[in-house]
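A.B. asks: got a predicted structure plus its sequence, pasted below:
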There are 2 protein chains.
Amino acid sequence: MLKKDDIKPAKGVRDWYGREALLRNRVRDTLQEIFQRYGYVPLETPVIEREDILSFKGGGEIQKEIFKLSDQGKRSLALRFDHTLPLARFFTTHKELKKPFKRYVMGEVFRDGPTQPDQGRYRVFSQCDVDIIGVKGMAAEAELLTLASDAVTELGLGKVTIRINNRKVLDGIMDNADISETSKLQAILVLDKLDKIGVEGVEKEFSALGSTVISDSAIKKLIGNTLIEGDNKEKTDFLHGIISSEKGKEGLEEIGHLLDYCKEMNFDFVEFTPSLARGLDYYTGTTLEVFLENKEVIDSALLAGGRFDNLLGDFSGSDEPIYAIGISFGLERICTAIESSSLNGKETTTELFIIPMKTMAQSLKRAHMLRKEKINTDVELNGRSLKAAMRYANSSNIPFVGIIGEDEINNDVISIKRLSDGMQNKVKINDVKSYLKENR
Amino acid sequence: MLKKDDIKPAKGVRDWYGREALLRNRVRDTLQEIFQRYGYVPLETPVIEREDILSFKGGGEIQKEIFKLSDQGKRSLALRFDHTLPLARFFTTHKELKKPFKRYVMGEVFRDGPTQPDQGRYRVFSQCDVDIIGVKGMAAEAELLTLASDAVTELGLGKVTIRINNRKVLDGIMDNADISETSKLQAILVLDKLDKIGVEGVEKEFSALGSTVISDSAIKKLIGNTLIEGDNKEKTDFLHGIISSEKGKEGLEEIGHLLDYCKEMNFDFVEFTPSLARGLDYYTGTTLEVFLENKEVIDSALLAGGRFDNLLGDFSGSDEPIYAIGISFGLERICTAIESSSLNGKETTTELFIIPMKTMAQSLKRAHMLRKEKINTDVELNGRSLKAAMRYANSSNIPFVGIIGEDEINNDVISIKRLSDGMQNKVKINDVKSYLKENR
């Protein structure tokens, strides 16, 4: 027997019902419409993947958080922790796909890690991703920034800041600070915590790595050069002065191209942010994160992404790079942001609540006719009293009730009452749609 | 290093891309619209549940097929195998919910069992469920049949048969065959295989249970009485003659009420089918299954469901029955049925493919303007030659390309070419939407 205390969701996950679920649908629908407007094609990959696919690469810190399981045939399986490795698996095995390959995907991902519900962080959460495979130039980045900006506007998120950086630039900055090749990924993972633990916290974590990994002077140089202030031009100018490696220069050139595109599009909300690290090890070039300008609402990135030109090549064993870039919208965080800014959601989508007065079969038939006209209609199925049924409709925020008794049947009408003010009229079945529209 | 042969989906699961994924979206959107039209409110529950919730009850045969896993805190978890137990968990812990409680849910469920891809049967598959909690009478059944009939019509599935039965009737038939209380569930699970293995197969499985469970004469009686022929009235009349238990009579009365509703709605496609068993052990009353009339396309049920008046009470430890009934649409099977009947799906939703002739930044800007007007627009991001880009658009089934060179920029136009016949015109940016509409 299940104990009362055991009847609850698993740790770190939650349900979404009513107003919250409707908001999630609205956000997904809006994103999907925008993705299609930009020419992305839908892909659905399964929640369960082979474990060797998901642990192949990527993730860095995330590898520890993979949920593992096996089937009755003892095969090693895992739940996807993002949509990028499933994309790599799909693309690698579908040679017929044309490049550029632009796909979107929406679905839950799973991480067995710490949760933070007030920041929309759970163990099961939804990501909506768009990726472009096969474009080397910054036109891909420019398109994704445009798409992100449209999404922010159409979702009503208010003002945002888009931070951009480039792993090659970060590489050049690390070269300048004499950080060795083998320590670079560790340094990036620490730098990634800047927003969460601040400069002092990052300095402490760097020191804890020990001076063989990163010296005190390197820490100072790295933090100083990534946190430089100024506008985008001042920052690139400064970094041109200290970055000498080929790779670092290439990164600066890419950032320059991308900022040119932003100028053409009048995107004054794009901020070159050399300290932006991103915790995934597969990024190779551009990285980006989108934040609300008002960080009091939510201070994590609503969407984020980057370029991963090596992952697909590594995956398929090819020596040629397969260019790829993608961004990922965090559904829960976006919903948290929207909910915090407006609280006027609907609890139901029902417009009319039919109350049969001992006319159940005929009422069901009439409800069916109204539904055929696309009127969202509910029926009092228990045959409760008029008073009880009205109370139910009222507390469910349904705007109209329709009473159907013998008299209404004989005259082929419905007595429709507006619950906000009690206005009541007999309306012919064929006129219900326009009546509801006019009197809403 | 991942071997080439290892790069594939896990056993029994698959990807959905392009035309197939668009069809899945269309089916989900249609169902969602219908669910809301009937007053159902959305619920999303997580894929991962506590194992004790999912193994509490329900499933019968399905229990063996539950995917189990644990988190870093060694908690016993499982992947949901249907949406009914998560609903029970949700409803039991939300005392504020008003009855009748009508919710819909759409999402993947997981079963570690045999697969049958040609019948749309996988280990990860999607179910779209509507359930009503808190209605005792057959009005709930009637509403769900109406909803199912609307869904079948609007999805374009063609003619269907809806089979209905009632567990209490089946119970009465088993009493008449002298099958003991303790053997009834076993008998139901065998009878459920009738469609798959035929009468002879069922007889064999019954015999294999041994005569202490079910005698030869009982087998004969049970099969004979459940497979009676005739119209709905003839069948109920016959069963009134052989069923004597209170419970069985109650079941026949319920079937009678439901058939009366069907007459009122002119549902001549509803067939009372006393042999209909359904393999889940939590059903208590009405059961139903919807099949295509043309079984050559797909011979499994496209949607199915039933009444489970005890599950919620048992779950919450309540002695009062909590009335509940639900139906579940099988997304993969419905898509298989639609695909088999028509093959004219679209591979892309893109209407216009912009080809920049050395005008990438300005072309991206113009594409952005067109997208603002809700024109689904893609751009040649690699700056390939006109010929290569045209070939790409053509092979992607995009109907129009828009060429933007210096000349077009200076005159604020786009040269739009219809790929079906090569017709080409210079079109002002503001006129593109109406131009595409007129010339599609």
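C.D. replies: Good, I have the coordinates. Residues are numbered from 1 along each chain as shown, chains lettered A, B, ... in the order given.
A.B. asks: is residue A:125 in a helix, a strand, or coil?
C.D. replies: For residue A:125, the secondary structure call by DSSP: H, G, I helix; E, B strand; the rest coil comes out as strand.
A.B. asks: distance check, it against residue B:46.
C.D. replies: Applying CB to CB, to the nearest Å, the value for residue A:125 to residue B:46 is 10 Å. (Each C-beta comes from the backbone N, C-alpha and C, glycine too.)
A.B. asks: again with residue A:104
C.D. replies: 23 Å.
A.B. asks: if we can go back for a sec, overlap in contacts of residue A:125 and residue B:46?
C.D. replies: Taking CB atoms under 8 Å, 6 or more residues apart in numbering or on different chains as the contact rule, residue A:125 and residue B:46 both touch residue A:108.
A.B. asks: which residues touch the residue in the stretch 251-400 of chain A that chain B sits nearest to?
C.D. replies: Across the stretch 251-400 of chain A, no residue is closer to chain B than residue A:378, which sits at 2.8 Å (CB to the nearest CB). By CB under 8 Å, 6+ apart, the residues touching residue A:378 are A:350, A:352-354, A:367, A:398, B:38-39, B:102.
A.B. asks: switch the cut-off to 10 Å
C.D. replies: Contact partners of residue A:378, counting by CB atoms under 10 Å, 6 or more residues apart in numbering or on different chains, are A:348-354, A:367, A:371, A:392-393, A:396, A:398, A:401, B:36-41, B:100, B:102, B:143.
A.B. asks: show me the helices in the stretch 101-250 of chain A, by range?
C.D. replies: A:139-154, A:167-176, A:181-191, A:194-209, A:216-226, A:232-242, A:246-264 (DSSP state H, counting those that start in this stretch).
A.B. asks: using TSV, please lay out those helices together with distance to chain B, mean pLDDT and mean neighbour count.
C.D. replies: Converted to TSV, the helices of the stretch 101-250 of chain A look like this (distance: least, CB to the nearest CB, whole Å; pLDDT from 0 to 100; neighbours: other CB atoms under 10 Å in any protein chain shown):
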stretch	distance to chain B	mean pLDDT	mean neighbour count
helix A:139-154	4	93	22
helix A:167-176	20	96	24
helix A:181-191	19	90	17
helix A:194-209	20	91	14
helix A:216-226	28	93	17
helix A:232-242	17	97	16
helix A:246-264	4	95	18
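A.B. asks: which one of these lies nearest to residue A:438?
C.D. replies: Among these, helix A:139-154 comes nearest to residue A:438, with 28.8 Å by CB to CB.
A.B. asks: distance between that closest one and the chain's centre?
C.D. replies: On the basis of CA atoms, centre = their mean, to the nearest Å, helix A:139-154 sits 14 Å off its chain's mean C-alpha point.
A.B. asks: what does stretch A:360-368 give?
C.D. replies: 42 Å.
A.B. asks: any residue of it up close to chain B?
C.D. replies: Yes: against chain B, stretch A:360-368 shows contacts by CB under 10 Å from any CB of the partner chain at A:360-365, A:367-368.
A.B. asks: with just CA atoms, put that stretch into CSV.
C.D. replies: Extracted C-alpha coordinates of stretch A:360-368, given in CSV (Å, rounded to 0.1, in the frame of the first residue of the first chain):
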residue,chain,number,x,y,z
MET,A,360,-28.9,15.6,-21.3
ALA,A,361,-29.0,13.7,-24.7
GLN,A,362,-30.4,16.7,-26.6
SER,A,363,-27.9,19.1,-24.8
LEU,A,364,-25.0,16.8,-25.8
LYS,A,365,-26.3,16.9,-29.4
ARG,A,366,-26.5,20.7,-29.3
ALA,A,367,-23.1,21.0,-27.7
HIS,A,368,-21.8,18.9,-30.6
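A.B. asks: tell me the contacts of residue A:361?
C.D. replies: B:138-139, B:142, B:257, B:260-265.
A.B. asks: also near chain A: which of those residues, exactly?
C.D. replies: B:138-139, B:142, B:257, B:260-265.
A.B. asks: quickly check those for the two that are furthest apart.
C.D. replies: The span of these, defined through CB to CB, is set by B:139 and B:263 at 14.6 Å.
A.B. asks: now residue A:318, what's its secondary structure?
C.D. replies: With three-state DSSP as the basis, residue A:318 sits in coil.
A.B. asks: burial measure for it, as a count.
C.D. replies: 11 (other CB atoms under 10 Å in any protein chain shown).
A.B. asks: thinking residue A:141 is in contact with residue A:260, fair?
C.D. replies: No: using CB atoms under 10 Å, residue A:141 makes no contact with residue A:260, being 11.2 Å away.
A.B. asks: now residue A:412: how far from residue A:427?
C.D. replies: Per CB to CB, residue A:412 is found 10 Å from residue A:427.
A.B. asks: of the two, who's got more company?
C.D. replies: residue A:427 (20 against 11).
A.B. asks: figure out the helix or strand that whichever residue of the stretch 1-150 of chain A sits closest to chain B lives in.
C.D. replies: Chain B sits closest to residue A:39 of the stretch 1-150 of chain A, with a gap of 2.8 Å, by CB to the nearest CB. Remark: residue A:39 resides in no helix or strand, with elements defined by DSSP states H and E.
A.B. asks: report the spatially closest residue to it, excluding sequence-adjacent ones.
C.D. replies: The shortest distance from residue A:39 to any non-neighbouring residue, by CB to CB, 6 or more residues apart in numbering or on different chains, is to residue B:378 (2.8 Å).
A.B. asks: next one: residue A:400
C.D. replies: In space, residue A:400 is closest to residue A:352, 4.8 Å off (CB to CB, 6+ apart).
A.B. asks: look up phi and psi at that neighbour.
C.D. replies: Backbone torsions for residue A:352, taken as degrees, to the nearest 10, come to phi -130, psi 130.
A.B. asks: ok, now which ones touch it?
C.D. replies: A:367, A:370-371, A:375-379, A:393, A:398-402, A:414, A:416, A:432-433, A:435-436, B:39.
A.B. asks: just the buried residues of the residues you listed.
C.D. replies: By neighbour count, with 16 or more other CB atoms under 10 Å in any protein chain shown, those hold A:367, A:370-371, A:375-379, A:393, A:398-402, A:414, A:416, A:432-433, A:435-436, B:39 as buried.
A.B. asks: tabulate the helices of the stretch 101-250 of chain A (a markdown table), appending distance to residue B:252.
C.D. replies: Listed next are the helices of the stretch 101-250 of chain A as a markdown table, based on distance: least, CB to CB, whole Å:
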| stretch | distance to residue B:252 |
| --- | --- |
| helix A:139-154 | 56 |
| helix A:167-176 | 72 |
| helix A:181-191 | 69 |
| helix A:194-209 | 66 |
| helix A:216-226 | 78 |
| helix A:232-242 | 78 |
| helix A:246-264 | 73 |
